[in-house]
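Trainee: Okay, here's the prediction I keep looking at, along with the sequence it came from:
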Amino acid sequence: RTFLAEVPELGALNRRQIASLAGLAPFVRQSGRWKGRSKIGGGRTALRAALYMAALSAIRCHTQLKLFYRHLVSAGKPKMVALIAVARKLITILNAMLRDRKPWQPA
């Protein structure tokens with residue numbers, strides 16, 4: 001319900017736009033030779049908080065998302081980066097479900 005209330009555009013945007021709207025798109029900070037880290041930010045705070053909590057639950061209970069998270073961590077990504085990647089994957093899945101008008105299909 002939170003996702004639908006916070007993002008009425010869900011299902012009408014592409015995956016990059018919906019991730020940016022949720023505040024989960026990485027923005028690179030660079031200037032000349034200086035290369036900073038990519039950070040997430042902006043977007044809708046309540047939506048990002050709900051996605052964070054959903055991602056925490058997903059890495060414990062959802063088989064495919066748990067494997068995705070473990071793969072990223074074993075590849076050397078920090079745990080928080082991997083968790084945000086799961087949150088981004090969740091909002092992308094929800095966007096595709098509403099766009100295609102299909103129900104949730106457990107793996």
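Mentor: Received, thanks.

Trainee: what helix or strand does the most centrally placed residue in the chain sit in?
Mentor: Centroid-nearest residue in the chain: R88, 1.2 Å away (criterion: Cα atoms, centre = their mean). For R88, the host element (DSSP states H and E) is helix 79-100.

Trainee: does the residue nearest to the centre of the chain really touch L21, like I thought?
Mentor: No - taking Cβ atoms under 8 Å as the definition, R88 is not a contact partner of L21, at 11.5 Å. C-beta: built from backbone N, CA, C; applies to glycine.

Trainee: that older thread, may I see the buried residues of the helix holding R88?
Mentor: Neighbour-count burial for helix 79-100, counted by 16 or more other Cβ atoms under 10 Å, picks out 82-95, 98.

Trainee: now what about that helix, what contacts it?
Mentor: Residues from elsewhere that reach helix 79-100 (Cβ atoms under 8 Å, 6 or more residues apart in numbering): 3, 10-13, 15, 18-19, 22, 24-25, 40, 48, 51-52, 54-56, 58-59, 65, 68-69, 72-73, 77, 103-104.

Trainee: change it to 7 Å
Mentor: Residues from elsewhere that reach helix 79-100, judged by Cβ atoms under 7 Å, 6 or more residues apart in numbering: 3, 10-11, 13, 15, 18-19, 22, 24, 40, 51-52, 54-55, 58-59, 65, 68-69, 72-73, 104.

Trainee: Just the C-alpha atoms of it, please, in CSV.
Mentor: Only the C-alpha atoms of helix 79-100 are listed here, as CSV (Å, rounded to 0.1, in the frame of the first residue of the first chain):
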residue,chain,number,x,y,z
LYS,A,79,26.6,-5.3,2.7
MET,A,80,24.7,-2.0,2.5
VAL,A,81,25.4,-1.7,-1.2
ALA,A,82,24.1,-5.2,-1.8
LEU,A,83,21.0,-4.4,0.3
ILE,A,84,20.3,-1.3,-1.7
ALA,A,85,20.7,-3.3,-4.9
VAL,A,86,18.0,-5.7,-3.6
ALA,A,87,15.7,-2.7,-2.8
ARG,A,88,16.2,-1.4,-6.3
LYS,A,89,15.4,-4.9,-7.7
LEU,A,90,12.2,-5.0,-5.6
ILE,A,91,10.9,-1.6,-7.0
THR,A,92,11.8,-2.8,-10.5
ILE,A,93,9.8,-6.0,-10.0
LEU,A,94,6.8,-4.1,-8.7
ASN,A,95,7.0,-1.6,-11.5
ALA,A,96,7.0,-4.4,-14.1
MET,A,97,4.1,-6.2,-12.3
LEU,A,98,1.9,-3.1,-12.6
ARG,A,99,3.1,-2.3,-16.1
ASP,A,100,2.3,-5.8,-17.4
